[in-house]
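>>> Got a sequence here, can you build the structure:
(chains A, B and C)
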Amino acid sequence: MTDSNAPVICWFYNDLRLSDHAALAAAAELGPVLPIYVRDRAAAGNWQEGGASQWWLHHSLDDLARRIGEQGGRLVLADGAAEEVLESVVEATGAQAIFFSRAYEPWAAEQQRRVHEQLGERLSVKRFPGRLLLEPEQVRTNDGRPYKVFTPFWRASLAQIGDRAARDMPDQLDWYQGDDVASDDLAAWALLPTKPDWAGGLRESWQPGEVGAHERLRDFVTHAADDYAEGRDRPGKDHTSRLSPHLHFGEISPNQVWQTLKMAAGVGEISGQAADAYLRELGWRDFSYHLLTLFPALPEENFRDQFDRFPWRSDEAELERWQRGQTGYPLVDAGMRQLWHTGWMHNRVRMVVGSFLVKHLRQHWRAGEDWFWDTLVDADLASNAASWQWVAGSGADAAPYFRIFNPMSQGEKFDPDGAYVRRWVPELKDLPQKFLNRPWEAPVEILRRAGVELGKDYPHPIVDHREAREAALAAFQDSKA
DNA sequence: TGAAATGTTGGGGCG
DNA sequence: ACGCCCCAACATTTC
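Okay, the predicted model is just below:
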């Protein structure tokens, strides 16, 4: 027999929102809601949040706690093994149920399974969808197998998604009023950088939290989405959605984004073509989760084991030059500096810097994955792993290894006025456009007039493009044999 | 969601 | 008028 006044625990994870939240809505229908966030560093192992993500998490939790507080509730913060924390909360409060959103990271899925196993016989323990457009199990080929190629995956997904309505936030949530559960102080979790405080660029760039997420989406639809198909490839413009960190932390659901874009297209605010081009990117996000569910080792191991024999190089000094944006290739350096400063990088440039690390420098994609994990505010286990394997050629439906981006021509093609490179590599800002992406080809007189001395103000190229390309192709041939 | 090498075509200069 | 060459522009292939 359950006491209908007993609290229902809503266990938050990367679903830090109040609207379109299936677990929260179901909890609210059952009884007073006791919201809790558990930080379980042991369970996360190597995949606990990196530095930039910790900064975001702090502000997102702070925002969620404030908004719950304004409604008369209290978000509980707890540190420890999730199953133990939740068990003690159940004992202290007599909770009748634990509801939560499904997690897909292998460690988190395992953690949720343990909670269900340990507590599921004593009370109702339920997980709900919400982080994806479709659950990985919902998308299958005709013979019932998971997809390994994006285009048919997306076609099959579109056939199933249809019209969907995001759930509104419950008007008045009945929050649990007991004070018998202690909460950590968020500041004590020390998620923010102090010495030194490197988060200045992050503060200028982002507004974490559910309100910020919806403002970002509205701004995108109003100003940029209609030009998305063209503008998204121009890193010097502001025509991408920048929703990735909000989506990662679940401040907004892909469902809500889908609905908003479809409605904007329906009333002619943006073209249907633009909406579809953007929603396709949400499709890549779902596809990454699909692959991670199919192959849980995706963050650690080559999806295609042919790459197990690839002769990766390991060179700490070169890796550090890549990380710090000192490779001597302006577009690569611009991207890496944008990442370091803002916790984010334009997607076109991510492909270029990724290709440069694994092909020009022939370093293992895991070195890039680790760096992005630590520095991106949108670091996401599924997307990060799938994308690095894509660029390395080791993934499912990946770019072939011989597809090697030319950092000069990419810069000239997608940053034709040099706005992006000039902003992030200011020491080159006075170079004429002709030489901006290849300063080593500029006559010394032109360099001098732009105030650039190669090797002093800006590095010589870390490798020769042609030689590096040929060495990469040769290494690939060797590993095939 | 490349780039480079190689092949083909066609216009124009020129002997 | 004609053949030859050059080369840009485009297409195909190879990596």
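>>> what residues are up against the spatially closest residue to A:Arg140 that is not a sequence neighbour?
Using C-beta to C-beta, 6 or more residues apart in numbering and skipping residues adjacent in sequence, the residue nearest A:Arg140 is A:Pro146, 6.6 Å away. Every residue, glycine included, has its C-beta placed from N, CA and C. A:Pro146 makes contact with A:Pro136, A:Val139, A:Arg140, A:His290, A:Thr293, A:Leu294 under the criterion C-beta atoms under 8 Å, 6 or more residues apart in numbering.
>>> Sticking with the fifth one, tell me its helix or strand.
To tie it back to what came earlier, the one meant is A:Thr293. helix A:272-294 (DSSP states H and E).
>>> ok, and for that helix, which residues are buried?
Buried positions in helix A:272-294, judged by neighbour count with 16 or more other C-beta atoms under 10 Å: A:274-279, A:281-293.
>>> Tell me which other helices or strands that helix touches.
If you count contacts as 3 or more C-beta pairs under 8 Å, 6 or more residues apart in numbering; DSSP states H and E, helix A:272-294 packs onto helix A:150-161, helix A:228-231, helix A:254-266, helix A:381-392.
>>> Average pLDDT for it, rounded please.
Averaged across helix A:272-294, the pLDDT comes to 97.
>>> Return the set of buried residues in the next helix or strand after that helix.
With elements assigned by DSSP H and E, the helix or strand that comes after helix A:272-294 is helix A:316-324. For helix A:316-324, burial by neighbour count (16+ other C-beta under 10 Å) applies to A:Glu318, A:Leu319, A:Arg321, A:Trp322, A:Gln323.
>>> how far away is whichever residue of chain A sits closest to DNA strand B from A:Glu230?
Going by C-beta to the nearest atom of the strand, DNA strand B is nearest to A:Asn406 of chain A, at 3.8 Å. Noted for A:Asn406: a distance of 21 Å to A:Glu230, by C-beta to C-beta, to the nearest Å.
>>> Just name the most buried of the helices and strands packed on helix A:272-294.
Across those, the average number of neighbours (mean count of other C-beta atoms under 10 Å) peaks for helix A:381-392, which reaches a mean of 25.
>>> Report the next helix or strand after that one in sequence order.
helix A:407-414.
>>> Can you report the mean pLDDT over the residues of stretch A:177-197?
For stretch A:177-197, mean pLDDT rounds to 95.
>>> Run the chain-centre distance for that stretch.
24 Å (C-alpha atoms, centre = their mean, to the nearest Å).
>>> Tell me the buried residues in it?
In stretch A:177-197, counting by 16+ other C-beta under 10 Å, buried: A:Val181, A:Leu186, A:Leu191, A:Leu192, A:Pro193.
>>> Dump those to TSV, plus secondary structure and distance to DNA strand B.
Conversion of the buried residues of stretch A:177-197 to TSV gives the following (DSSP: H, G, I helix; E, B strand; the rest coil; distance: C-beta to the nearest atom of the strand, whole Å):
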residue	secondary structure	distance to DNA strand B
A:Val181	coil	44
A:Leu186	helix	36
A:Leu191	coil	31
A:Leu192	coil	33
A:Pro193	coil	31
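>>> Output those residues as CSV; include the columns distance to A:Glu467.
Formatted as CSV, the buried residues of stretch A:177-197 follow (distance: C-beta to C-beta, whole Å):
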residue, distance to A:Glu467
A:Val181, 62
A:Leu186, 51
A:Leu191, 44
A:Leu192, 44
A:Pro193, 39
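>>> Quick check: A:Ala419 vs DNA strand C, distance?
26 Å (C-beta to the nearest atom of the strand, to the nearest Å).
>>> just so I have it, where are all the strands in chain A?
A:8-12, A:33-39, A:76-79, A:97-101, A:124-128 (DSSP state E).
>>> Of those, which is nearest A:Leu61?
strand A:33-39 (6.1 Å; C-beta to C-beta).
>>> Just want the angle from the closest one to strand A:97-101.
Orientation of strand A:33-39 against strand A:97-101 (axes from the mean of the first three to the mean of the last three C-alpha atoms, to 10 degrees) gives an angle of 60 degrees.
>>> Spatially nearest residue to the residue of chain A closest to DNA strand B (excluding sequence neighbours)?
Using C-beta to C-beta, 6+ apart, the closest residue to A:Asn406 is A:His465 (6.8 Å).
>>> do the same with A:Gln54
Nearest to A:Gln54 is A:Leu191, by C-beta to C-beta, 6+ apart, at 4.1 Å.
>>> Was I right to think that neighbour contacts A:Leu57?
Yes: shown here, A:Leu191 and A:Leu57 form a contact pair, counting by C-beta atoms under 8 Å, at 5.7 Å.
>>> Look up how far A:Gln306 lies from the most centrally placed residue in chain A.
Centroid-nearest residue in chain A, with C-alpha atoms, centre = their mean: A:Asp378, separated by 3.3 Å. The gap separating A:Asp378 from A:Gln306 is 30 Å, by C-beta to C-beta.
>>> measure A:Arg321 to A:Trp55 for me?
Taken as C-beta to C-beta, the span from A:Arg321 to A:Trp55 is 25 Å.
>>> State the phi and psi torsions of the residue nearest to A:Arg140.
phi -70, psi 150 (degrees, to the nearest 10).
>>> quick one: pLDDT of it?
pLDDT at A:Pro146 comes out at 97.
>>> and if you look at A:Ala165?
67.
>>> A:Lys413: neighbouring residues, count only.
Using other C-beta atoms under 10 Å, A:Lys413 is surrounded by 13 other residues.
>>> Also A:Asp417?
12.
>>> before we move on, what about A:Glu369?
21.
>>> That one and A:Phe405: what is the separation?
18 Å.
>>> ok, so of the buried residues of stretch A:177-197, who is nearest A:Gln207?
A:Leu192 (15.7 Å).
>>> which ones are touching that closest one?
Per C-beta under 8 Å, 6+ apart, neighbours of A:Leu192: A:Gln54, A:Trp55, A:His58, A:Ala199.
>>> By average pLDDT, which secondary structure element in chain A comes out worst?
helix A:228-231 (a mean of 90; mean pLDDT, DSSP states H and E).
>>> circling back: which residue is the nearest non-sequential neighbour of the residue nearest to the centre of chain A?
A:Asp378's closest residue in space is A:Ser244 (C-beta to C-beta, 6+ apart), at 3.6 Å.
>>> How about A:Phe12?
Going by C-beta to C-beta, 6+ apart, A:Phe12 has A:Tyr37 as its nearest residue, at 4.6 Å.
>>> what pLDDT does that neighbour get?
The model's pLDDT for A:Tyr37 equals 98.
>>> what's it in contact with, if anything?
Taking C-beta under 8 Å, 6+ apart as the test, what A:Tyr37 contacts is A:Trp11, A:Phe12, A:Tyr13, A:Leu16, A:Leu61, A:Leu64, A:Leu75, A:Val76, A:Leu77, A:Ala78.
>>> Give the buried residues for stretch A:195-205.
Here stretch A:195-205 shows A:Ala199, A:Leu202 as buried, counting by 16+ other C-beta under 10 Å.
>>> How about stretch A:20-32?
A:Asp20, A:His21, A:Ala22, A:Ala23, A:Leu24, A:Ala25, A:Ala26, A:Ala27, A:Ala28, A:Leu30, A:Gly31, A:Pro32.
>>> Just the CA coordinates for it, please, in PDB.
Provided in PDB are the C-alpha atoms of stretch A:20-32 (Å, rounded to 0.1, in the frame of the first residue of the first chain):
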ATOM      1  CA  ASP A  20       8.700  18.700 -21.700                       C
ATOM      2  CA  HIS A  21      10.100  16.400 -19.000                       C
ATOM      3  CA  ALA A  22       8.300  13.100 -19.000                       C
ATOM      4  CA  ALA A  23       9.700  11.900 -15.800                       C
ATOM      5  CA  LEU A  24       8.900  15.100 -13.900                       C
ATOM      6  CA  ALA A  25       5.400  15.300 -15.300                       C
ATOM      7  CA  ALA A  26       4.700  11.700 -14.300                       C
ATOM      8  CA  ALA A  27       6.100  12.300 -10.900                       C
ATOM      9  CA  ALA A  28       3.900  15.400 -10.400                       C
ATOM     10  CA  GLU A  29       0.800  13.400 -11.200                       C
ATOM     11  CA  LEU A  30       1.600  10.900  -8.500                       C
ATOM     12  CA  GLY A  31       2.600  13.000  -5.500                       C
ATOM     13  CA  PRO A  32       4.800  15.800  -4.200                       C
END
